[in-house]
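Undergrad: return atomic coordinates for the entry below.
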Amino acid sequence: MRTPLWTDYPEKMKQFGYTTENSLTPDEVAKYMAELVTDGKYEGGACLEISTEGSRLLGTWNIPPPSSPGTAVPQEVIEKNRAPITAILKKERGAKL
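TA: Predicted coordinates:
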């Protein structure tokens, strides 16, 4: 969700691959939450996934992962964030970096 917890920290946005284009505003999230709570078409325990592409009602088992833009972490972001941990593990194991 696009809040100051992200937008006030551009270095964190870059670190985690967050962009304003692939995030929802608080108003958009509130709209979906109100729909989930007040619309009679959702049963108790319903889970509604929301993204910039819209929404989908999730089932209980064998739910396919989200596939719309912004729902996956780019590989370069994963590698960047994993690198310091990998370096520590290699050092602890006595491997050359």
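
Undergrad: low-confidence regions, the chain specifically.
TA: Scanning the chain for pLDDT under 70 picks out the ranges 95-97.

Undergrad: pairing partners for whichever strand or helix holds Arg56, with directions?
TA: For Arg56, the enclosing helix or strand under DSSP states H and E is strand 54-58. Note on strand 54-58: by DSSP bridges, its sheet partners are strand 47-51 (antiparallel).

Undergrad: can you mark which positions in the strand it pairs with are buried?
TA: Residues of strand 47-51 classed as buried by neighbour count (16 or more other Cβ atoms under 10 Å): 50-51. From N, CA and C alone the C-beta is placed, and that goes for glycine too.

Undergrad: go ahead and produce PDB holding the CA coordinates of it.
TA: Extracted in PDB, the C-alpha atoms of strand 47-51 (Å, rounded to 0.1, in the frame of the first residue of the first chain):
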ATOM      1  CA  CYS A  47     -10.200 -13.800   1.600                       C
ATOM      2  CA  LEU A  48     -10.100 -11.200  -1.200                       C
ATOM      3  CA  GLU A  49      -6.700 -10.600  -2.900                       C
ATOM      4  CA  ILE A  50      -6.300  -7.100  -4.300                       C
ATOM      5  CA  SER A  51      -3.700  -5.700  -6.700                       C
END
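
Undergrad: element containing the residue nearest in space to the middle of the chain?
TA: For the chain, the residue nearest the mean C-alpha position is Thr71 (5.6 Å; Cα atoms, centre = their mean). Thr71 is part of no helix or strand when elements are defined by DSSP H and E.

Undergrad: and the helix or strand where Lys91 lies, what does it pack onto?
TA: Secondary structure assigned from DSSP H and E places Lys91 in helix 75-92. Contacts defined by 3 or more Cβ pairs under 8 Å, 6 or more residues apart in numbering; DSSP states H and E place helix 75-92 against helix 10-15.

Undergrad: again, only using 7 Å
TA: Helices and strands touching helix 75-92, as assessed by 3 or more Cβ pairs under 7 Å, 6 or more residues apart in numbering; DSSP states H and E, are absent.

Undergrad: and it, how far out from the chain's middle?
TA: Centre-to-centre, helix 75-92 and its host chain are 20 Å apart (Cα atoms, centre = their mean, to the nearest Å).
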